[in-house]
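> Pasted the sequence and its predicted model underneath.
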Amino acid sequence: MVDKILIKNIKKSFTSGKEVRAVVDGITLTVGEGEFVAIVGPSGCGKSTLMKIIAGFEHPDEGQIEVDGVVRKGPNANGIVISQHGSVFPWLNVQQNLMFGLNGDEHGDKAALADHYAAMVGLKGFEKNYPHELSGGMLKRVEIARALVVKPEILFMDEPFSALDALMNLKMRTELLRILEEERHTVLLITHDVEEAIHLADRIVVLSPRPTTIQRVFEVPFTHPRKLSTPEAQTLKEDILRELGI
């Protein structure tokens, strides 16, 4: 597998008054082209800070990020963030939200392209609806479609389904896997949900409490579609929870 992202000895601290708080304390990791890597760790350990550094929104104090062999200096169009907070524009309908990032003339018929991705995430027939007319699960589908329509190489996903109920969470995970079968992306996922990580990822990185380091990396050897009820999946879940101190 060709390396897509190289994370080299990343360290990051924040200053509050006279206090310096170390958050990330030497993270080194390689993510392959088309690989799905999930990152789990205790609450407040620095997962989101690490994601922001990898995506280019924060600068490390030490170390560097390379994407395709190029040192990352800031965010760019080859990576899109999907967060837990939601980023759908309420004054735009679904089609307009999906067209928002289609800058330039190289996209052809932008409305048709937006409608194609709306259909891909199960929103065919809702292209003219506004966010206030959609359910929470549908809004998350809009976010995913808006990220995919610009054809990013990397998806940075920071607890994207955490606000959804358990059934909708499972539906969205299944939908994401279906989409990734059609359009393969490199994915970095932050989650508190160990089952979600096992369901989706090729590898699971367990972070330590803050200042965070990599405590252990688990390979997920199961093919898709995965049954989380199998003894093997349950054993993996127990091993990961044990690393998390649970």
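Nice, I can see it.
> So, low pLDDT: which residues of this structure?
Along the chain, the model assigns pLDDT under 70 to residues 86, 104-108.
> give me that answer again for 90
1-2, 15-20, 43-44, 73-89, 100-114, 116-123, 135-152, 159-185, 225, 245-246 (pLDDT under 90).
> Scan it for its longest helix.
Determined from DSSP state H, the single longest helix within the chain is helix 166-182.
> show me the contacts for Glu175.
By CB atoms under 8 Å, 6 or more residues apart in numbering, the contact list for Glu175 reads Val121, Gly122, Arg141, Ile144. (Glycine included, C-beta is placed from N, CA and C.)
> and with 7 Å instead?
Shown in contact with Glu175 (CB atoms under 7 Å, 6 or more residues apart in numbering): Val121, Gly122.
> and Leu134, how many neighbours?
Applying other CB atoms under 10 Å, we find 18 residues neighbouring Leu134.
> Quick check: phi and psi on it?
phi -110, psi 150 (degrees, to the nearest 10).
> so who does it touch?
Residues in contact with Leu134 (CB under 7 Å, 6+ apart) are Phe126.
> Give the pairing partners of the helix or strand just after the longest helix of the chain; include direction for each.
With elements assigned by DSSP states H and E, the helix or strand that comes after helix 166-182 is strand 186-190. If you go by DSSP bridges, strand 186-190 pairs up with strand 36-40 (parallel), strand 154-158 (parallel).
> what's the spacing between Pro152 and Ile39?
According to CB to CB, to the nearest Å, Pro152 stands 18 Å off from Ile39.
> What is the neighbour count of Leu98?
Neighbours of Leu98 (other CB under 10 Å): 28.
> Report the separation between it and Ala118.
Separation of Leu98 from Ala118 (CB to CB): 6 Å.
> anything in contact with each of those two?
Here Leu98 and Ala118 have Ala145 as joint contacts, going by CB under 7 Å, 6+ apart.
> Please name the bridge partners of the spatially most central residue of the chain.
Residue closest to the mean C-alpha point of the chain, counted by CA atoms, centre = their mean, is Met157 at 1.7 Å. Residues in a beta bridge with Met157, per DSSP bridges, are Ile82, Leu189.
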